[in-house]
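Enquirer: Fold the following.
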Amino acid sequence: MGTSKRYAAAVDRQMDARILQRVMQETAPHSLSTEELELDREPLTRSPIPRPVAAWVRYAAAAIFLDAEAVAWTPTAVAIRWTTPAGEEHRAWVWASAVRPRAQTRPDSLPS
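Expert: Numbers count the residues shown, from 1 in each chain. Predicted coordinates for the structure are as follows:
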């Protein structure tokens, strides 16, 4: 008896989502250090209205591309916050090059 290829992609997506949920539950996101941020030398902008973004965030076990909100930034770094699948709010500073406006294409759909 063969396997059902019809549902394989859906099952793969569910498995990926569960793995990412577990990673987010078991570890904290990595954030840039004070030395990397250089807040004593770089101008800091805070927004009263968070901007929707998509960003690469590092956890101990994985780098995850997720939807977030930019709440502050410098020329080289962005402070983001997001809600995990478990409903927890996480925050981190990431490099500006790891952040895109949410309307842009996700990396998994970029042309080869």
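
Enquirer: Show me where this protein dips below the pLDDT cut-off.
Expert: Regions of the chain meeting the criterion pLDDT under 70 cover residues 1-6, 10-17, 19-21, 104-112.

Enquirer: Describe which strands whichever strand or helix holds Ala70 pairs with in its sheet and in which direction.
Expert: Using DSSP states H and E, the element containing Ala70 is strand 63-73. Strand pairing for strand 63-73, determined by DSSP bridges: strand 45-58 (antiparallel), strand 77-83 (antiparallel).

Enquirer: Reformat those into CSV and put mean neighbour count and distance to Leu66 next to each item.
Expert: C-beta here means a position set from N, CA and C on the backbone, and glycine is covered the same way. What follows is the strands paired with strand 63-73, written out as CSV (neighbours: other Cβ atoms under 10 Å; distance: least, Cβ to Cβ, whole Å):
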stretch, mean neighbour count, distance to Leu66
strand 45-58, 14, 6
strand 77-83, 21, 6
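
Enquirer: Can you check which of these gets nearest to Leu37?
Expert: Nearest to Leu37 among those is strand 77-83 (5.6 Å), distances taken as Cβ to Cβ.

Enquirer: what's the following helix or strand after the closest one?
Expert: Counting by DSSP H and E, what follows strand 77-83 is strand 89-95.
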